[in-house]
Each structure stands twice: as structure tokens, then as C-alpha cells.
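*Asks:* Build me a model:
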Amino acid sequence: MVAPMTRTTLDLTGLKCPLPALKTRKALKPLQPGDQLEVYCTDPLSVIDIPNLIRETGDTVEITERNDARIVFLIEKANGPIGNTNGALRS
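*Replies:* Sure, this is the predicted structure:
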């Protein structure tokens, strides 16, 4: 069993759609497989936007906290280039 390599926190509280999803995508790019990204959001639409983003990237996501004050996502970078979203090599 391999432990996560690193866990990075991304505080996006106060930002409105589409910024939480865009900043999450940017923060995921340099991560290595197994790394985790913990994302704090206050925008209610992030519960739709961030899971949709993660479906595209092929990573995994879970909501670890959801209340009136904030939503916390825990995203783990996948092992490979699943869901390449740059448009290259599509057949």
C-alpha cells in the first residue's frame, strides 16, 4: 500500500463560479500520481463543477465536509494520463 506523496491545500473561499473549478484544474497539473489536493470552497455551484472537472481529469474526489460555511473536497491525482483534456491524441 502506497501512502499519498503530498497533500496541498487550496483555499478558494469567497470565489464564485467558474473560478473554483479553473483554479482547481490549474493546481492539479503539477501534482504527481498519489498526491492529494484539499480544496476549500464557499460557492454552492462547486459541488457540481469540481466533481465534473474531476470526471474529465480521471482523478478521484470526495466531499469531506459540507455545511453552510464551506465545502471541502479531497482530490487524489490518478496514476496515469487518463482524461487528457488538452485535446491531443484523441481518436
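*Asks:* In this structure, mark out all the helices, start to finish.
*Replies:* Per DSSP state H, the chain carries helices over the ranges 19-28, 46-57.
*Asks:* For Glu38, which of the ones you listed is the nearest?
*Replies:* Relative to Glu38, the nearest member of these by CB to CB is helix 19-28, separated by 10.3 Å. (C-beta placed from N, C-alpha, C; glycine too.)
*Asks:* Which strands and helices lie in contact with that closest one?
*Replies:* strand 7-12, strand 36-41, helix 46-57, strand 71-76 (3 or more CB pairs under 8 Å, 6 or more residues apart in numbering; DSSP states H and E).
*Asks:* Could you save the helices of the chain as CSV and add columns showing distance to Asn67 and mean neighbour count?
*Replies:* Output for these, formatted as CSV (distance: least, CB to CB, whole Å; neighbours: other CB atoms under 10 Å):
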stretch, distance to Asn67, mean neighbour count
helix 19-28, 17, 18
helix 46-57, 12, 17
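*Asks:* Of all those, which one comes closest to Asn79?
*Replies:* It's helix 46-57; of the helices of the chain, that one is closest to Asn79 (CB to CB) at 12.2 Å.
*Asks:* And for Leu37, the neighbour number?
*Replies:* Using other CB atoms under 10 Å, Leu37 has 21 neighbouring residues.
*Asks:* a markdown table please, covering the helices of the chain and showing mean pLDDT and distance to Glu38.
*Replies:* Formatted as a markdown table, the helices of the chain follow (pLDDT from 0 to 100; distance: least, CB to CB, whole Å):
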| stretch | mean pLDDT | distance to Glu38 |
| --- | --- | --- |
| helix 19-28 | 97 | 10 |
| helix 46-57 | 96 | 12 |
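*Asks:* do you know which of those lies nearest Glu65?
*Replies:* Glu65 sits nearest to helix 46-57 of all the helices of the chain, at 11.6 Å, using CB to CB.
*Asks:* How about residues contacting that closest one?
*Replies:* Under the criterion CB atoms under 8 Å, 6 or more residues apart in numbering, residues 12, 17-18, 20-21, 24-25, 28, 39, 41, 60-61, 63, 66, 71, 73, 75, 78, 82-83, 85 lie in contact with helix 46-57.
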